[in-house]
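In: Here is my input, please return the structure:
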Amino acid sequence: METYVYVDSVMRSQGVSNAYVYRLKNKLTGVFKADLLSAAFPQQSSCNHVVLDIVEFETPRNDGNFGIINNLVPINSNIAYTSQSYYPIQSKFDNPFDLDRLTINWKDPTGNLISMGNNSFLLKISHIR
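Out: Residues are numbered from 1 along each chain as shown. Below you'll find the model as predicted:
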């Protein structure tokens with residue numbers, strides 16, 4: 001099965017816009033792959049590259065990062081940016097797991113949390129049921 005999950009930091013369960021928890025409406029069983037299809041976020045003052053880190057995706061063979069989202073381009077008069085990264089950016093998991101929330105951290109390429117306003121992204125999550 002595939003489930004599309006649109007995450008908007010405005011709808012977060014807790015946290016701030018650069019580090020927050022997003023609760024899924026339905027628990028996903030046996031997650032084995034996740035594709036980042038798109039991302040949008042405010043203009044970054046000092047960072048042209050960002051890393052989307054999802055804690056629940058961390059495994060011994062996967063650090064939970066979708067890698068560097070780069071080549072940021074304005075989509076709304078220098079207010080919001082989107083990425084020209086080649087989508088999808090994919091993470092595969094050797095051991096399927098259940099998922100009911102996403103713990104999200106936006107970081108710079110060196111691993112430090114970055115200051116960020118409201119953001120959103122779209123995931124396609126492949127799971128058993």
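In: alpha carbons only for contacts and neighbour counts from here, please
Out: Fine.
In: For the longest strand seen in the chain, enumerate the helices and strands it packs against.
Out: Across the chain, the longest stretch assigned as strand under DSSP state E is strand 19-42. In terms of contacts (3 or more C-alpha pairs under 8 Å, 6 or more residues apart in numbering; DSSP states H and E), strand 19-42 is packed against strand 14-16, strand 80-83, strand 89-107, strand 120-127.
In: Show me what the last one pairs with in its sheet, parallel or antiparallel.
Out: In the sheet containing strand 120-127, the strands it pairs with under DSSP bridges are strand 2-8 (antiparallel), strand 19-42 (antiparallel).
In: Now mean neighbour count too, for these, in TSV please.
Out: Output for the strands paired with strand 120-127, formatted as TSV (neighbours: other C-alpha atoms under 10 Å):
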stretch	mean neighbour count
strand 2-8	15
strand 19-42	18
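In: Ok, which of the ones you listed comes nearest residue 120?
Out: strand 2-8 (4.2 Å; C-alpha to C-alpha).
In: for the record, mean pLDDT for the closest one?
Out: For strand 2-8, the mean pLDDT works out to 94.
In: Quick one: distance of that strand to the chain centre.
Out: Taking the mean of its C-alpha atoms, strand 2-8 sits 10 Å from the chain's own mean (C-alpha atoms, centre = their mean, to the nearest Å).
In: I would like the residues contacting that strand, please.
Out: 22, 118-127 (C-alpha atoms under 8 Å, 6 or more residues apart in numbering).
In: Stretch 35-55: end-to-end distance?
Out: Counting by C-alpha to C-alpha, to the nearest Å, you get 15 Å between the two ends of stretch 35-55.
In: So for it, mean pLDDT?
Out: 73.
In: cool, and stretch 107-122?
Out: 81.
In: mind listing what's buried in it?
Out: 107-109, 113-116, 119-122 (16 or more other C-alpha atoms under 10 Å).
In: can you check stretch 51-58 too?
Out: Applying 16+ other C-alpha under 10 Å to stretch 51-58 flags 51-57 as buried.
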